[in-house]
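Chemist: sharing a sequence plus its predicted fold:
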Amino acid sequence: MSTEADATAVSMCRRLSRSLMPLLLGMLLFVLYIATQAVLKCQATTESRGSLGIRKLSGIPGNGVIRNLGGISENEVIQEHAENAASKPLKAFLVILIPTGPKYVWRRNTLRETWFKLADDNVLQRFVIGMKSLDKDAQEQLIQENKEHGDLVFLWDFNDSYGGLAAKVLLTFKWLDENVDFKYVLKTDDDTFVRTDRLQKELKERNVQSKLFWGFFSGKSPVYREGIYEEKDWFLCDTYLPYAFGGGYILSTDLAHFIASNAHWLKPYKSEDVSMGAWLSPLDVLRVHDPRFNSEHESRGCMDEYLINHKVYDEGMKAQYKQVIETGRLCPKEVLKRRSYIYNWDVPPSQCCNRTWGII
Ligand SMILES: *[C@@H]1O[C@H](CO)[C@@H](O)[C@H](O)[C@H]1NC(C)=O
Ligand SMILES: *[C@@H]1O[C@H](CO)[C@@H](O)[C@H](O)[C@H]1NC(C)=O
């Protein structure tokens, strides 16, 4: 009896499993199908996000692909910009801001006589001077200088002899934000030669509307513990955060606006360029490293491709201007004194910037 029942049970089980098998197989296939669809769909969305969000800046060595645009649409940024623009007294495509010491009239004159002349009406060039610590005579002289040239910005509340350049840059950006309707700003120095002609052309061609931070970056600069750049307050990291050297860097209007409108929150460190790197570090920014910015504290030499050429004075500046006017090239004699690098954004900052010959 029991063996008969067992046999029946076994055969029933066999029959059942035979009829269930196709069903189970079917379910398995269905699950596989759903999973495949999900994966494909997921890949499709990331791909389309990627191609929508990533902008290419071609032509700059090492900067094939830059970064994702993130949350805010460019249209919103442009819209806001357009609404605020009407109320501003000045308008320019590119603003060039040059913090300078009150006494450096000879440097200002050299710039006026040289590369300032490369600019057309779409470029606004301004020296920025702190007036607070100056006596009446010195102030009067500067006011006269401005009557003659009309290219000075006075910061009446800033003490220029104090040496807080980062704080000065914050005030400079506040002035900019309040007074100029512009697309890009170049912060540079009074000992830098700027190829205004070429910069303007490239900015127009590239047409990056927002989040642009363009310069020569460092990711592993040791913190200065002595000398004129001595930094007492830096504690964020063993090195500075990635920043673009202050000999010249460019920001799009939205980033300048961010700096200006948050100035009261931003900690000024000793160096303004180090500070700018830190101030922009948490933002979704398009960092474009460009060896054509010879903007370090020590010059790499002179190469015709340079857009920014730091540490040039007097006769050197005049010679370069003459060269540009006569030949379209920058350097009376091309020379490369130091090795350069392409910033590698795919490795930790400590490995970002290996210098090598063969790069300008
Ligand atoms: C400006 O700073 C210098 C150096 O710290 C100081 O001696 C001077 O009193 C300051 N002047 C004003 C007007 O704050
Ligand atoms: C730079 O040099 C370091 C140390 O030699 C190395 O670990 C790193 O991979 C190099 N980085 C690149 C991008 O070659």
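Modeler: Great, that's in hand. Numbering: from 1, shown residues only. Ligands and ions are numbered 1, 2, ... in the order given.
Chemist: can you give me the strands in the stretch 101-250 of the chain?
Modeler: 123-130, 152-155, 180-188, 192-194, 212-215, 217-218, 243-244, 248-252 (DSSP state E, counting those that start in this stretch).
Chemist: minimum distance to Cys353: which of these has it?
Modeler: For these, the distance to Cys353 is smallest for strand 217-218, at 6.0 Å, taking CB to CB. In short, each C-beta sits where N, CA and C put it, glycine included.
Chemist: quick one, the helix or strand Leu97 falls within and strand 180-188 angle?
Modeler: Here Leu97 sits within strand 90-99, counting by DSSP states H and E. For strand 90-99 against strand 180-188, the angle by axes from the mean of the first three to the mean of the last three CA atoms, to 10 degrees is 20 degrees.
Chemist: strand 90-99: which residues count as buried?
Modeler: For strand 90-99, the neighbour count (16 or more other CB atoms under 10 Å) marks Ala92, Phe93, Leu94, Val95, Ile96, Leu97, Ile98, Pro99 as buried.
Chemist: same list (the strands of the stretch 101-250 of the chain) but as TSV, adding mean pLDDT, distance to ligand 2 and mean neighbour count.
Modeler: What follows is these, written out as TSV (pLDDT from 0 to 100; distance: least, CB to the nearest ligand atom, whole Å; neighbours: other CB atoms under 10 Å):
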stretch	mean pLDDT	distance to ligand 2	mean neighbour count
strand 123-130	98	36	23
strand 152-155	98	41	18
strand 180-188	98	28	23
strand 192-194	98	28	27
strand 212-215	98	19	25
strand 217-218	98	14	24
strand 243-244	98	19	26
strand 248-252	98	22	26
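Chemist: for these, give me JSON lines that also has distance to Ile228.
Modeler: Output for those, formatted as JSON lines (distance: least, CB to CB, whole Å):
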{"stretch": "strand 123-130", "distance to Ile228": "17"}
{"stretch": "strand 152-155", "distance to Ile228": "21"}
{"stretch": "strand 180-188", "distance to Ile228": "19"}
{"stretch": "strand 192-194", "distance to Ile228": "18"}
{"stretch": "strand 212-215", "distance to Ile228": "21"}
{"stretch": "strand 217-218", "distance to Ile228": "18"}
{"stretch": "strand 243-244", "distance to Ile228": "17"}
{"stretch": "strand 248-252", "distance to Ile228": "19"}
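Chemist: and the closest residue to ligand 2 within the stretch 151-300 of the chain, how far is that from ligand 1?
Modeler: With CB to the nearest ligand atom, the shortest gap between the stretch 151-300 of the chain and ligand 2 falls at Lys220, namely 9.6 Å. Lys220 sits at a distance of 32 Å from ligand 1 (criterion: CB to the nearest ligand atom, to the nearest Å).
Chemist: pretty sure that residue is touching Leu241, no?
Modeler: No - using CB atoms under 8 Å, Lys220 makes no contact with Leu241, being 10.4 Å away.
Chemist: who touches both of the two?
Modeler: Pro349 (CB atoms under 8 Å, 6 or more residues apart in numbering).
Chemist: between these two, which is the more surrounded one?
Modeler: Leu241 (19 against 15; other CB atoms under 10 Å).
Chemist: how close does Pro349 sit to Cys237?
Modeler: 9 Å (CB to CB, to the nearest Å).
Chemist: picking that back up, which among the strands of the stretch 101-250 of the chain is found nearest to ligand 1?
Modeler: Closest among the strands of the stretch 101-250 of the chain, once you apply CB to the nearest ligand atom, is strand 123-130, at 8.9 Å.
Chemist: so which residues make contact with that closest one?
Modeler: Against strand 123-130 from outside (CB under 8 Å, 6+ apart): 90, 92-102, 108, 111, 116, 119, 142, 151-155, 158-160, 162, 168, 172, 175, 180, 182, 190, 196, 200.
Chemist: and ligand 1, which of those reach it?
Modeler: Asn159, Tyr162 (CB under 6 Å from any ligand atom).
Chemist: count of residues packed around His264?
Modeler: 7.
Chemist: circling back: how about the residue of the stretch 151-300 of the chain closest to ligand 2, what does it touch?
Modeler: Lys220 touches Thr239, Pro349, Ser350, Gln351, Cys352, Cys353, counting by CB under 8 Å, 6+ apart.
Chemist: list just the nearest of those residues to ligand 1.
Modeler: Thr239 (28.5 Å).
Chemist: would you agree the closest one is in contact with Pro349?
Modeler: Yes - with contact defined as CB under 8 Å, Thr239 counts as touching Pro349 (6.9 Å).
Chemist: compare these two (neighbour count), which wins?
Modeler: Comparing Thr239 with Pro349 by other CB under 10 Å, the one with more neighbours is Pro349, at 19 against 15.
Chemist: could you measure from the more buried one over to Ser252?
Modeler: Between Pro349 and Ser252 the computed distance is 23 Å (CB to CB).
Chemist: near ligand 1, which residues of the stretch 151-300 of the chain are found?
Modeler: Counting by CB under 6 Å from any ligand atom, the stretch 151-300 of the chain sits next to ligand 1 at Asn159, Ser161, Tyr162.
Chemist: including neighbour count and pLDDT, could those go into a markdown table?
Modeler: Below are those laid out as a markdown table (neighbours: other CB atoms under 10 Å; pLDDT from 0 to 100):
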| residue | neighbour count | pLDDT |
| --- | --- | --- |
| Asn159 | 15 | 95 |
| Ser161 | 11 | 81 |
| Tyr162 | 12 | 75 |
